[in-house]
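Asks: Pasting the sequence and the predicted model now:
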Amino acid sequence: MQLFDLSLRLRALSVLRGVLKLPLVHAYAETLSALGGSAADFADRYGALCAERFACGDISRAFLNAVHFDVNTLTDTISNPSDALLTAATHDIEVLNGLLALTGGQLCEAAAQHFDADALRALPDFAGSNALPFSNGAELADFYRREGYGFFAQSSAFAMQDDGSAVPIVHPDAIRLHDLPGYERQKKQVLQNTRAFLDGRNANNILLYGDKGTGKSSTVKAVANEFADRGLKIIQMEPRHIPCFPQLFQQTLRSPFRFILFLDDLSFSREDRNFAALKAFIEGGLAGKPANLVIYATSNRRHLIRESMADRQGDDVRVRDTLETVTSLSDRFGLEITFSVPDKDEYLYIVEQLADESGLKLDRDELHLLAERFALRRNGRSPRTARQFISQQLAEQYGN
């Protein structure tokens, strides 16, 4: 493909026009356009292109990500795209592959001849890059159906920011269910509900409540990791971000993925406006949550709201109203799962499992004795205590 033709076709991108926003692609466009300007303009734009290439590292991956994370007319009609749309997408793919095949030497040689400037031949060179894994619009449509598309294709886990935007978590917690011994009934309930959700069947919002350190948050993250390969995403947010729900719902509504909205360590005062807002969003508000999203919340309180003895005093009507207010949010979660402090046998079972997985070499009786002593010095028995105990023992073992 001639450079002048490539420049014109690049500016005529239609289906994948959003890719032009990628600084690397924009730098290619500017460099090609500079062939119609001056030698100094070309040298300036070519240097900027090289800088962008250095910053991107894997050029083919950068192009692929730009296409993958795009939302366009093809993704909007992915179930039945028109022939004209597929033809236009084929044109855009050919152009992007033309850029990927381009070498620095080709650009500099063309510029040196055009401007009659041998100095341009001495500019840094770069090799061509691998083509995209699809060559036409139909293959791109298949790629989108298989891999998903848009902003949420960037990661399996996201975190909400104070401005209401979600940002990808580059290195999410990789915990899996096999890393969490014990609490088999509780894990099974979360798994069953999540499978139903992914299969498009009726699924509940879940409230996981109970004592601290019992693995509520870890269970949610582990279940999300179990199904990440099925397009399940997890978005972690704090209670103060609840007013951002409408903005988030708009982002997830058109996405092909399914989402767990993870509210960790949930607790309110009765005067907290977020309490009423969350009730409305879960059930009863005009702007309901999308069908591709469920809410999984953890809390140390079953009813999510801090009570005082004064709340329970007064006449029967007042007490009843207070109790109804207190329970009104937790009742909106279709599934409540309790995580209680393990008894001695269950605690020691968890310790044994963690010891075996980590390769800790201790006699069982000594292991039990030390684990019990550790729990007494800490805040009692819990999976967190067991994990901390194993970590301490491993540190002492390797330190000797």
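Replies: Sure thing, it's come through. Note that the structure is predicted; figures quoted are calculated from it, not measured.
Asks: going forward, measure contacts and count neighbours with C-alpha atoms only.
Replies: Noted.
Asks: For the most centrally placed residue in the chain, give me phi and psi.
Replies: Among the residues of the chain, the one closest to the centroid is Ala157, at 2.2 Å (C-alpha atoms, centre = their mean). Torsion angles at Ala157 (phi, psi; degrees, to the nearest 10) stand at phi -140, psi 140.
Asks: show me the contacts for it.
Replies: Pro168, Ile169, Pro172, Lys233, Ile234, Ile235, Gln236 (C-alpha atoms under 8 Å, 6 or more residues apart in numbering).
Asks: show me what contacts the nearest residue to it once chain neighbours are set aside?
Replies: Of all residues not flanking Ala157 in the chain, Ile234 sits nearest, at 4.9 Å (C-alpha to C-alpha, 6 or more residues apart in numbering). Listed by C-alpha under 8 Å, 6+ apart, the contact set of Ile234 reads Ser156, Ala157, Phe158, Lys221, Ala224, Phe259, Ile260, Leu261, Phe262.
Asks: out of the residues you listed, who's nearest Leu293?
Replies: Phe259 (4.7 Å; C-alpha to C-alpha).
Asks: Does the closest one belong to a helix, a strand or coil?
Replies: Using DSSP: H, G, I helix; E, B strand; the rest coil, the structure places Phe259 in strand.
Asks: Show the contacting residues for it.
Replies: By C-alpha under 8 Å, 6+ apart, the contact set of Phe259 is Leu232, Lys233, Ile234, Ile235, Thr252, Asn292, Leu293, Val294.
Asks: Pull the number of nearby residues for the fourth one.
Replies: Going back to what we said before, that points to Ile235. For Ile235, the count of nearby residues is 20 (other C-alpha atoms under 10 Å).
Asks: In which helix or strand does it reside?
Replies: Assignment of secondary structure by DSSP states H and E places Ile235 within strand 232-237.
Asks: immediately after that strand, which helix or strand?
Replies: Using DSSP H and E, the next helix or strand after strand 232-237 towards the C-terminus is helix 245-253.
Asks: The residue lying closest to Leu278 once chain neighbours are set aside: neighbour count?
Replies: Distances taken as C-alpha to C-alpha, 6+ apart place Ile242 nearest to Leu278, at 6.7 Å, with adjacent residues excluded. Using other C-alpha under 10 Å, Ile242 has 19 other residues around it.
Asks: one step back: state the distance from the residue nearest to the centre of the chain to Ser299.
Replies: 21 Å (C-alpha to C-alpha, to the nearest Å).
Asks: Next secondary structure after the helix or strand bottoming out on mean pLDDT in the chain?
Replies: Least confident helix or strand, the chain: helix 316-327 with a mean of 48, by mean pLDDT, DSSP states H and E. Sequence-wise, the next helix or strand downstream of helix 316-327 (DSSP H and E) is strand 335-339.
Asks: Strands of the stretch 251-400 of the chain, start to end?
Replies: 258-263, 293-299, 335-339 (DSSP state E, counting those that start in this stretch).
Asks: ok now the longest one, how far from the chain's centre?
Replies: Looking back up the chat, that one is strand 293-299. With C-alpha atoms, centre = their mean, to the nearest Å as the basis, strand 293-299 stands 15 Å off its chain's centre.
Asks: Partner strands of it, with direction?
Replies: strand 206-210 (parallel), strand 258-263 (parallel) (DSSP bridges).
Asks: out of those strands, which comes closest to Ala27?
Replies: For Ala27, the closest of these is strand 258-263, at 35.0 Å, according to C-alpha to C-alpha.
Asks: does the spatially closest residue to Ala196 that is not a sequence neighbour sit in a helix, a strand or a coil?
Replies: The shortest distance from Ala196 to any non-neighbouring residue, by C-alpha to C-alpha, 6+ apart, is to Ala203 (5.8 Å). Reduced to three states with three-state DSSP, the structure at Ala203 is coil.
Asks: Look up how far Asp116 lies from Ala203.
Replies: Note on Ala203: its distance to Asp116, by C-alpha to C-alpha, is 69 Å.
Asks: can you check Glu226 too?
Replies: Separation of Glu226 from Asp116 (C-alpha to C-alpha) stands at 61 Å.
Asks: Run through the chain and note the low-pLDDT ranges.
Replies: 1, 269-272, 283-288, 302-328, 399-400 (pLDDT under 70).
Asks: how long is stretch 94-113 from one end to the other?
Replies: Length of stretch 94-113, first residue to last, C-alpha to C-alpha: 26 Å.
Asks: still on that earlier bit, dump the contacts of Ile234 to JSON lines, plus distance to Asn65.
Replies: Shown next, in JSON lines, are the contacts of Ile234 (distance: C-alpha to C-alpha, whole Å):
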{"residue": "Ser156", "distance to Asn65": "15"}
{"residue": "Ala157", "distance to Asn65": "17"}
{"residue": "Phe158", "distance to Asn65": "17"}
{"residue": "Lys221", "distance to Asn65": "25"}
{"residue": "Ala224", "distance to Asn65": "23"}
{"residue": "Phe259", "distance to Asn65": "21"}
{"residue": "Ile260", "distance to Asn65": "23"}
{"residue": "Leu261", "distance to Asn65": "25"}
{"residue": "Phe262", "distance to Asn65": "26"}
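Asks: From these, list just the buried residues.
Replies: Ser156, Ala157, Phe158, Lys221, Ala224, Phe259, Ile260, Leu261, Phe262 (16 or more other C-alpha atoms under 10 Å).
Asks: ok so, going back, most neighbours out of the contacts of Phe259, which is it?
Replies: Busiest of those [other C-alpha under 10 Å] is Ile234, holding 27 neighbours.
Asks: my read: Tyr347 touches Ser382, true?
Replies: Yes - the pair Tyr347 / Ser382 is scored as a contact, 6.6 Å apart, by C-alpha atoms under 8 Å.
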